[in-house]
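Participant: After the sequence you'll find the predicted model.
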Amino acid sequence: MQKSEITAPVIIRQPKRNKWISEDAKWAFLLLIPLFVGIGLIYFSTIFGFVMSFTSWDIVRKAEWVGLDNYRTLASDELVWKAMRNTLVFLLISTPAKLIIGLALAILLNQKLKGISFFRLTYFFPTACSVVAIALVWGYLYGTDGFLNTLLQDIGLSKVYWMDENHAMGSIAIMSVWGGMGYIALLFLAGLQNVPTEYYEASYVDGASKLRQFWNITLPLLTPTTFFIVVTQLIAAFQMFGEVYLLSGPLDSTLTIVQYIFNEAFQGFRMGYASALSYVLILIIFLITIVQLKLQKKWVHYDL
């Protein structure tokens, strides 16, 4: 009778690991360093700007503490109120126009037609253009002897001074609508394609017209998209700068609050006053956004 052989257990040696941090964690921290640096710079600049808003500083000389003087000055500064008024005019013209035109374009581009992708690309193309290029083109169109005035004269109408004190802000708002409606249309198009077709089929069986379907199905289910567009466009309107910097009207007729901050900081070198203006703008945007978030519960629907 053969004796059974007893085999010794095989010991598998695990590779030695650092008890403090693994190799993968090291690489993770290394790759996150640029993110941490960026966030740190944002917080530093935010705190630094807030402290500077209580000082008088021209970059060259040492900052002088002035307390609330900058905030008292801006409350009585006529240019601040004019800049805010111009910003509101731009907002009230451009934002509703972008919403209406963008939604209309999205409905047209949502049709199942041959070559519809070409038209979607065409309407989105202005969004990909730089602000400088758009301003140069529209500057030519708005010229005294530019394309628009030539067209008006050809049909028997008189010239319009598009960039004078009375028309400049509206003209820039029209330019902004042309440049941004493709992006709005793209967002609405994505929202339209996410609306379940079952709702339309059920309403068709019930005899609902196209207008009734649009009013009772499409619009309610597009409210989340509309809410996102309204919030982002209002913030963008308050921060509008490039258009008015490149295509400005006379007598501060196109002066916006961000352009005024730029002028005070980098032309007048009043960094403390510019910081105070910046924080007032931040507060305005914050309050408007909070109000929108509170009101969304009353009109934003995620289901019928």
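Facilitator: Great, that's in hand.
Participant: In terms of helices and strands, where is the residue sitting nearest the centre point of the chain?
Facilitator: Compute the mean C-alpha point of the chain, and by Cα atoms, centre = their mean the closest residue is residue 236, 3.9 Å away. Element membership of residue 236, judged by DSSP states H and E, is helix 223-238.
Participant: next one: that helix to chain centre, how far?
Facilitator: Relative to the centre of its chain, helix 223-238 is centred 8 Å away, using Cα atoms, centre = their mean, to the nearest Å.
Participant: Kindly export the very next helix or strand once past it (C-alpha atoms) in PDB.
Facilitator: Using DSSP H and E, the helix or strand that follows helix 223-238 in sequence is helix 242-246. What follows is helix 242-246, C-alpha atoms only, in PDB (Å, rounded to 0.1, in the frame of the first residue of the first chain):
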ATOM      1  CA  GLY A 242     -16.900  91.800 -26.500                       C
ATOM      2  CA  GLU A 243     -19.600  93.200 -28.700                       C
ATOM      3  CA  VAL A 244     -19.700  96.700 -27.200                       C
ATOM      4  CA  TYR A 245     -15.900  96.900 -26.900                       C
ATOM      5  CA  LEU A 246     -15.500  96.200 -30.700                       C
END
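Participant: for helix 242-246, packing partners?
Facilitator: If contacts are counted by 3 or more Cβ pairs under 8 Å, 6 or more residues apart in numbering; DSSP states H and E, helix 242-246 sits against helix 131-141, helix 168-193, helix 257-266. Where C-beta positions appear, they are placed from N, C-alpha and C, glycine not excepted.
Participant: and the last one, average pLDDT?
Facilitator: In this case it means helix 257-266. For helix 257-266, mean pLDDT rounds to 93.
Participant: can you pull out the helices in this protein?
Facilitator: Assigned by DSSP state H, the chain shows helices spanning 23-52, 69-75, 78-109, 116-128, 131-141, 147-154, 168-193, 197-205, 210-213, 219-221, 223-238, 242-246, 257-266, 271-299.
Participant: Just the buried positions in the shortest one, please.
Facilitator: For helix 219-221, a neighbour-count test (16 or more other Cβ atoms under 10 Å) marks 220, 221 as buried.
Participant: Which residues does it contact?
Facilitator: Here helix 219-221 makes contact (Cβ atoms under 8 Å, 6 or more residues apart in numbering) with 191, 194, 195, 199, 301, 303, 304.
Participant: Share the number of residues neighbouring the closest residue to residue 69 other than its chain neighbours, please.
Facilitator: Spatial nearest neighbour of residue 69, excluding adjacent residues (Cβ to Cβ, 6 or more residues apart in numbering): residue 56 at 7.7 Å. By the other Cβ atoms under 10 Å criterion, the neighbourhood of residue 56 contains 17 residues.
Participant: Next up, the contacts around the closest residue to residue 288 other than its chain neighbours.
Facilitator: Spatial nearest neighbour of residue 288, excluding adjacent residues (Cβ to Cβ, 6+ apart): residue 234 at 6.2 Å. Residues near residue 234 by Cβ under 8 Å, 6+ apart: 91, 95, 285, 288, 289, 292.
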